[in-house]
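Undergrad: Quick one, structure for this:
(one chain, ligands or ions: 1)
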Amino acid sequence: MQVILSAPRGFCAGVVRAIEVVEICLERYGPPVYVKHQIVHNPYVVAELERKGAITVETVDEIPPGSRVVFSAHGSPPEDFQQAEERGLQVIDAVCPLVTKVHNEARKYRSEGKKVLLVGHRGHQEVRGTMGQVDMTLIDDADPSDLPDWDSDTEVAVLTQTTLSVGDTAQSIGAIKGRFPDALIRNDICYATTNRQSAVLEMTVLVDLVLVIGAVNSSNCNRLREVAEAQGTPSYLINGPEEIDPAWLEGVATVGITSGASTPEVLVESVVKALNPEKVTVLPGVEEDVSFTLPKELR
Ligand code: SF4
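TA: The predicted model follows:
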């Protein structure tokens, strides 16, 4: 059997920065450092940081008054900052700057009097943070037919979650345009999501099976699996080698591997090692040179 590795794959600039924020806080201030919501959606990353003294909680009211807390990369609604202030917490916000950009767009368009639609995944942490910025309506990316009953000439601005499927989002935007022809469209899918999906599309035609390494609650990992599967290639999302079902590999000559923006490369390496292939090929892909500065509190 041979393995083909998709490129780019794995960590994006927003994830690198968020993990660095927690690590710097641990080094500079010592444990415990609270983290509101998983810093990024990967249990291995979360466990590594917790081993060093981070404590992951889901809500602000679980954090002892006066503590230091890092808010996750997915972004947080204003009420979380308000609640943190009331508890005297020292907040360091590790939100990805590309998510902040969506928050800023929402505030801008709402202040201009536009109605704001957000295409996203109901219940995802990023959607929760973005929805909290201003009054807006969520269009579930899985069912874009459920549109608001506004006049067709209503001034509408359309934002998207950063980690959606490029193809599905184009369909959702098409449906919205059909209903609101003058809608202002901001496609906010980030560079990392776009590049990983394009790369997996190219890889899928070369392989018999796709393994996406990453967590089940990671939006961009799920989208990578769906993109591959939509091409008719069997695709599975796994955390690591222990989740490989030997039955998947029967009759398979070439396994394609990719990983989501929150997946550390060490997990990809462990899967390749477990497969023990005769040959490993890395596909050429877009070079990414994006990096973000640290939050001002840590500079
Ligand atoms: S996936 Fe995109 S939006 Fe999310 S943290 Fe990475 S760069 Fe930022």
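
Undergrad: the strands in the stretch 1-150 of the chain, which residues?
TA: Ranges of strands in the stretch 1-150 of the chain, per DSSP state E, counting those that start in this stretch, are 2-5, 33-36, 54-57, 68-71, 90-93, 115-120, 137-140.

Undergrad: Which stretch among the ones you listed approaches residue 202 most closely?
TA: With Cβ to Cβ as the criterion, residue 202 lies closest to strand 2-5 of the strands of the stretch 1-150 of the chain, at 10.0 Å. From N, CA and C alone the C-beta is placed, and that goes for glycine too.

Undergrad: Surely residue 174 forms part of a strand?
TA: No - if the criterion is DSSP: H, G, I helix; E, B strand; the rest coil, then residue 174 is helix and not within a strand.

Undergrad: Could you measure from it over to the ligand?
TA: 23 Å (Cβ to the nearest ligand atom, to the nearest Å).

Undergrad: Give me the neighbour count for that residue.
TA: Close neighbours of residue 174, defined as other Cβ atoms under 10 Å, add up to 10.

Undergrad: cool, and residue 181?
TA: Counted with other Cβ under 10 Å, residue 181 comes out at 10.

Undergrad: Regarding the residue lying closest to it once chain neighbours are set aside, which helix or strand does it belong to?
TA: Of all residues not flanking residue 181 in the chain, residue 152 sits nearest, at 6.8 Å (Cβ to Cβ, 6 or more residues apart in numbering). Assigned by DSSP states H and E, residue 152 belongs to no helix or strand.

Undergrad: Buried ones in stretch 179-191, by neighbour count?
TA: 179, 180, 183, 185, 186, 188, 189, 190 (16 or more other Cβ atoms under 10 Å).

Undergrad: Also within reach of the ligand: list those from those residues.
TA: Residues of the buried residues of stretch 179-191 in contact with the ligand (Cβ under 6 Å from any ligand atom): residue 190.

Undergrad: Can you redo the buried residues of stretch 179-191 as a markdown table, where the extra columns are secondary structure and distance to residue 147?
TA: Formatted as a markdown table, the buried residues of stretch 179-191 follow (DSSP: H, G, I helix; E, B strand; the rest coil; distance: Cβ to Cβ, whole Å):
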| residue | secondary structure | distance to residue 147 |
| --- | --- | --- |
| 179 | helix | 5 |
| 180 | coil | 8 |
| 183 | coil | 10 |
| 185 | strand | 14 |
| 186 | coil | 17 |
| 188 | coil | 19 |
| 189 | coil | 20 |
| 190 | coil | 25 |
